[in-house]
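*Asks:* below are the sequence and a predicted model; questions follow.
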Amino acid sequence: MKFCQQTIVVTTPTPTPLPTTAVPTGHPICTHTGYVRDPHDCAVFYQCIANEMSGWTMYTYRCSGGTVFDEISLSCTWPSLVTGCEAYTDPGVEARH
C-alpha cells in the first residue's frame, strides 16, 4: 500500500521595517517594553525597547497586503480578526485595483 504525503504551507505577509527612532521618556506610544499598535493606523506597529538614556528606542513596522497588527498574537492578520480594526482598509491596496 502506498501513501501520498501532502504538505500545505500557509504564509502570512512579512511586516516591513521602517526607520528606527529614539524617543524620550513619556512618549505616548512607548509606555512599556514590547509591541504596540499605532492608535491611528491598524497596519502600523512599534517595537518599544527601553534604552540606557531613560527613554525608548522605537522600531516602526507596517503590515503588508491589507493586514493589520494584532496585539494579542503579535502578528499581522486580517482586519476582521482584530477587535477595533474590522473596518480597516489599506489605501495602498485599494489604489492598485
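*Replies:* Received it, and whenever you're ready, just let me know what you need.
*Asks:* residue 56: neighbouring residues, count only.
*Replies:* Other residues near residue 56 come to 23 when the count uses other CB atoms under 10 Å. Backbone N, C-alpha and C define where each C-beta goes, glycine included.
*Asks:* equivalent analysis for residue 55, please.
*Replies:* One way to gauge burial is a neighbour count; for residue 55, by other CB under 10 Å, it gives 15.
*Asks:* so it versus residue 49, what's the distance?
*Replies:* According to CB to CB, to the nearest Å, residue 55 and residue 49 sit 10 Å apart.
*Asks:* where does pLDDT dip in this structure?
*Replies:* Using pLDDT under 70 as the threshold, the predicted model of the chain has low-confidence ranges 1-27, 92-97.
*Asks:* all helices for it, in order.
*Replies:* With DSSP state H, the ranges of helices along the chain come out as 91-95.
*Asks:* in it, which spans are strands?
*Replies:* In the chain, the strands defined using DSSP state E lie at 16-23, 34-37, 44-50, 56-62, 68-70, 75-77.
*Asks:* so which of the ones you listed is nearest residue 89?
*Replies:* When the strands of the chain are compared by CB to CB, strand 68-70 sits nearest residue 89, at 10.2 Å.
*Asks:* given that closest one, what are its sheet partners and their directions?
*Replies:* Each strand that strand 68-70 pairs with, and the sense of that pairing, follows from DSSP bridges: strand 75-77 (antiparallel).
*Asks:* so which bits of the partner strand are buried?
*Replies:* By neighbour count, and taking 16 or more other CB atoms under 10 Å as the criterion, the buried residues in strand 75-77 are 76, 77.
*Asks:* still on that earlier bit, could you redo the strands of the chain as TSV and give each row distance to residue 87?
*Replies:* Listed next are the strands of the chain as TSV, based on distance: least, CB to CB, whole Å:
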stretch	distance to residue 87
strand 16-23	22
strand 34-37	15
strand 44-50	16
strand 56-62	18
strand 68-70	11
strand 75-77	15
